[in-house]
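K.L.:
generate coordinates for the sequence data below:
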Amino acid sequence: MNIPDTLNHKPVVVAEHYDQVDGRNAGRLDAKCLSLGLTAESGPRQAELSAKVWRYTGDALSTQSEELPLHRVLDLAILICRSMEHFNEAYIYEHLFDPEQPVLDRIGLQGSAMNVAVCTANANILEDIQSFNQALSQNGEMIGERLRTLSRVLKELGY
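P.N.:
You can find the predicted model right below:
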């Protein structure tokens, strides 16, 4: 199933087949993919980062917004962190990723695994990945502050 790249969200990093690792809902609900990307209003100078849960309604991928189960929020956080880890070293690749190996990681979760991959189905991936990388860099202080806070809270909880 290809994620459309012509909607308000331009996917850059995806966890496809998410319906197989969606906690207790694995294999039963319509959340098919998680993605990190850019909002359609983003331009090369002002890229806005966004996350999306792609739902399949039986006919097509839906653009509906939704309430998120807490485990799905955490799965998005895992996707964000793994993506940031990749982009810290992505400069070694001509296009910020290896087109021959677009899967960045495979993370085991409840009975299956969540693949973290560059969205090669995005027809504009070479341009969008550059904008995404730049936006990560520009938002590094804001994102880093939240990650440090999350890390501190997780440590306080014993994780």
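K.L.:
now the element after the lowest-mean-pLDDT helix or strand in the chain, going C-ward?
P.N.:
One helix or strand of the chain scores below all others by mean pLDDT, DSSP states H and E: strand 61-62, with a mean of 66. Next in sequence after strand 61-62, counting helices and strands by DSSP states H and E, comes helix 70-89.
K.L.:
which neighbouring elements make contact with that next one?
P.N.:
strand 9-16, strand 31-39, strand 49-56, strand 103-109, strand 112-118, helix 125-138, helix 140-156 (3 or more Cβ pairs under 8 Å, 6 or more residues apart in numbering; DSSP states H and E). Bear in mind the C-beta positions are built from the backbone N, C-alpha and C, glycine included.
K.L.:
to N88, which of those lies closest?
P.N.:
Closest to N88 of the helices and strands packed on helix 70-89, according to Cβ to Cβ: helix 125-138, at 9.2 Å.
K.L.:
quick one: buried residues of that closest one?
P.N.:
125, 128-129, 131-136 (16 or more other Cβ atoms under 10 Å).
K.L.:
ok, now stretch 96-105?
P.N.:
Buried-residue list, stretch 96-105, by 16+ other Cβ under 10 Å: 96-97, 102, 104-105.
K.L.:
contacting residues around it?
P.N.:
13, 82-83, 86-87, 90, 115-118, 120, 129-130, 133 (Cβ atoms under 8 Å, 6 or more residues apart in numbering).
K.L.:
go with 10 Å
P.N.:
Residues from elsewhere that reach stretch 96-105 (Cβ atoms under 10 Å, 6 or more residues apart in numbering): 12-16, 78-79, 82-83, 85-87, 89-90, 92-93, 113-121, 125-126, 129-130, 132-133.
K.L.:
related to what we said a few turns ago, which one of the buried residues of stretch 96-105 is nearest D59?
P.N.:
Closest to D59, out of all of the buried residues of stretch 96-105 and judged by Cβ to Cβ, is P102, at 27.4 Å.
K.L.:
report how many residues lie close to the residue lying closest to the closest one once chain neighbours are set aside.
P.N.:
Distances taken as Cβ to Cβ, 6 or more residues apart in numbering place V118 nearest to P102, at 4.3 Å, with adjacent residues excluded. By other Cβ atoms under 10 Å, 27 other residues sit near V118.
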